[in-house]
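*Asks:* Sequence plus predicted model, see below.
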Amino acid sequence: MSVLLTILTYFAYVFIVAMYSVKLIKIARMPVHLRWELYPVAHEAKSKYGASYYEDLKRWKKQRRRTWLKGTLFLLKGYFSMGEYFERKRGYWVVLLPWHLGFILIITFHILCFFGALAIVFGVPVSAESASILGVILYFLILITGVASFVSGSLGSVGLLIKRLYDRDLRAFATPQNYFNYLFTLAVFGSGLYAWYFVDPTLSGYREFWKGMVTLSPATVGYATTTHIILFALFLIYLPFTRSLHYITKFFAYFWVRWDDRPNVKGSKFERNIKEWLNKPVSWSAPHIQRGRTWAEIASEKKSNEKEP
């Protein structure tokens, strides 16, 4: 059983990395987007009051000042606070926030378990009584993130399930997959919560399992811990088929779409990309669009029609 459990976990991590990589490469190769012209742009120097570098005279002669750290911190703040949901629908935010935090914390928990296993392999005991400060720090970080993820994720899963069932507005847009996701995540977080509370209060079983993963020597763990590890591995395999990719694609959406205010300078790579996509044929049709023609032909025709009296 321990060998199969280890193989399943290896496969789950390789699978999710491979699937996410394929999806991200596909997104990165998508056509140039339409400019949004929405301000403030977080990485602009004057973003505090909604300004833009377009306000500067002879801006094309000046070097643009962008702070990518500001944009990244803005996104991370959104991940941890879900501020837009708080402003628009606080009843939903109350259950959505712990659910999302549960995801972030459980991934952090498994990453810390990996580093804890490395520490053990290199002779650093990971426990509350460890003689090594690093061992003590890793022990409490693993314990805190693990328990916090199990509790937060379980509460969020139950809360979202109830909210979807009893909130008429949310229920109208719910799909069977939504309900399946809540039940599946409840099983994942709930199994971890059960294993910690009733069987393994120090979460030592996870450290032993990850030690076996690192050393290629599968370790035998208790049934409760085994159940959670299996469910979590299946969860990782399932994730690429859900909308969870938005944890990553949000960076594309903000930096490449919402905040992308690059000037289209003559002779630039940006201009070449636009020309390339304008020469692509249209693969769909509508009353105002004809299939088979290029975007450049359609845009030129529309422009000519607009000039007619």
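*Replies:* The structure has been received and is ready for your questions.
*Asks:* doesn't Leu73 make contact with Tyr254?
*Replies:* No. Counting by C-beta atoms under 8 Å, Tyr254 stays clear of Leu73, with 11.9 Å between them. All C-beta atoms are positioned from the backbone trio N, CA, C, and that covers glycine.
*Asks:* The two: which is more packed in?
*Replies:* Each of Tyr254 and Leu73 has its neighbours counted (other C-beta atoms under 10 Å); Tyr254 has more, 19 against 12.
*Asks:* ok, the closest residue to Phe140 other than its chain neighbours - contacts?
*Replies:* Distances taken as C-beta to C-beta, 6 or more residues apart in numbering place Ala128 nearest to Phe140, at 7.3 Å, with adjacent residues excluded. Contact analysis of Ala128 by C-beta atoms under 8 Å, 6 or more residues apart in numbering lists Val136, Tyr139, Phe140, Thr202.
*Asks:* Of those residues - the most surrounded one?
*Replies:* Using other C-beta under 10 Å as the neighbour criterion, Tyr139 leads those with 24 neighbours.
*Asks:* what helix or strand does that residue sit in?
*Replies:* Assigned by DSSP states H and E, Tyr139 falls within helix 133-166.
*Asks:* Which strands and helices lie in contact with that helix?
*Replies:* Packed against helix 133-166, as judged by 3 or more C-beta pairs under 8 Å, 6 or more residues apart in numbering; DSSP states H and E, are the following elements: helix 90-121, helix 168-172, helix 176-194, helix 204-215.
*Asks:* count of residues packed around Gly190?
*Replies:* By other C-beta under 10 Å, neighbour count at Gly190 equals 18.
*Asks:* Apologies, that question was intended for Trp277.
*Replies:* So Trp277, with other C-beta under 10 Å, has 14 neighbours.
*Asks:* Hmm, Leu203 is touching Gly146, no?
*Replies:* Yes. If you go by C-beta under 8 Å, Leu203 and Gly146 touch, sitting 5.2 Å apart.
*Asks:* which residues do those two both contact?
*Replies:* Joint contacts of Leu203 and Gly146 (C-beta under 8 Å, 6+ apart) are Trp196.
*Asks:* Specify the local secondary structure of Ala131.
*Replies:* coil (DSSP: H, G, I helix; E, B strand; the rest coil).
*Asks:* Looks like it contacts Pro125 (just checking).
*Replies:* Yes. If you go by C-beta under 8 Å, Ala131 and Pro125 touch, sitting 7.0 Å apart.
*Asks:* For this protein, give me the ranges with low pLDDT.
*Replies:* 37, 40, 45-56, 58-66, 302-309 (pLDDT under 70).
*Asks:* so what's the residue nearest the centre of it up against?
*Replies:* Ranked by distance to the mean C-alpha position of the chain (C-alpha atoms, centre = their mean), the top residue is Tyr247 at 1.5 Å. Tyr247 makes contacts with Tyr79, Phe103, as judged by C-beta under 8 Å, 6+ apart.
*Asks:* what's the distance between it and Arg207?
*Replies:* 26 Å (C-beta to C-beta, to the nearest Å).
*Asks:* what does Phe241 give?
*Replies:* Look at Phe241 and Arg207: by C-beta to C-beta, they are 30 Å apart.
*Asks:* neighbour-wise, which of these two wins?
*Replies:* Between Phe241 and Arg207, counting by other C-beta under 10 Å, Arg207 is the more crowded of the two (25 against 10).
*Asks:* nearest residue to that one other than its sequence neighbours?
*Replies:* Gly116 (5.2 Å).
*Asks:* pretty sure the one you found is touching Pro125, no?
*Replies:* No. With contact defined as C-beta under 8 Å, Gly116 does not reach Pro125; the gap is 10.2 Å.
*Asks:* Cheers, nothing more for now.
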